[in-house]
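In: Return a 3D structure for these sequence lines:
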Amino acid sequence: MARTEASWRTRWERRDGQSDDTVFAQVGAQPPEMVTDPVRGNNIPFGPPASGRQVELSVMARTSEWKLVYTPGRETNELYNLREDPWELQNRFAHAADQPRVEELLRSLLDWRLGTHQ
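Out: Numbering: from 1, shown residues only. As a prediction, the model looks like this:
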């Protein structure tokens, strides 16, 4: 059977439609300015200027009760008690009573990193 150009075309009648570039347009809303600023090349007002060369890496350790998010070189890190605070709203990293937990989870991250040679 010879293949013709029409054999791969859609068999439905063509209808002109409207194409929208954003999810916001699908619901008839305008995107907030902070969403469109980076697309236009503008810096986000609450962050440092983007250079394209700066990458911030975080690592996480988690147990059934605790979650630690650690970013080397950053002053503020995160520790959450997942049983008492499942939405992770209360950062306990700086709480003196939780420092043994912070040290334990940081040690587990270090052991993991040394074990994977990364």
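
In: I'd guess residue 110 is in a helix, am I close?
Out: Yes: counting by DSSP: H, G, I helix; E, B strand; the rest coil, residue 110 is found in a helix.

In: ok, it to residue 73 distance?
Out: 15 Å (CB to CB, to the nearest Å). Glycine gets a C-beta too; all of them are placed from N, C-alpha and C.

In: Looking at these two, which is more packed in?
Out: Neighbour totals were compared for residue 110 and residue 73, and residue 110 leads with 13 against 6 (other CB atoms under 10 Å).

In: got the contact list for the more buried one?
Out: The contact partners of residue 110, taken as CB atoms under 8 Å, 6 or more residues apart in numbering, number zero.

In: Next one: it from residue 100, what distance?
Out: Residue 110 sits 16 Å away from residue 100, going by CB to CB.

In: same thing with residue 63?
Out: According to CB to CB, residue 63 stands 13 Å off from residue 100.

In: Mind checking which of the two has more residues around it?
Out: The residue with more neighbours, out of residue 63 and residue 100, is residue 63; 12 against 9, by other CB under 10 Å.

In: For this protein, which segments count as helices?
Out: Ranges of helices in the chain, per DSSP state H, are 23-26, 33-39, 99-116.

In: Keeping just the C-alphas, turn the first one into CSV.
Out: Extracted C-alpha coordinates of helix 23-26, given in CSV (Å, rounded to 0.1, in the frame of the first residue of the first chain):
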residue,chain,number,x,y,z
VAL,A,23,-2.0,28.5,32.9
PHE,A,24,-3.3,31.8,34.2
ALA,A,25,-5.0,32.5,30.9
GLN,A,26,-6.8,29.2,31.1
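
In: got the phi/psi numbers for residue 71?
Out: As for residue 71, its main-chain torsions (degrees, to the nearest 10) stand at phi -120, psi 110.

In: Pretty sure it sits against residue 60.
Out: No: counting by CB atoms under 8 Å, residue 71 stays clear of residue 60, with 9.9 Å between them.

In: looking at this structure, which helix or strand is least sure?
Out: Of all helical and strand segments in the chain, the minimum by mean pLDDT, DSSP states H and E falls on helix 33-39, at a mean of 53.

In: quick one: the strands in this protein?
Out: Secondary structure of the chain by DSSP state E: the strands cover 59-62, 66-70, 78-81.
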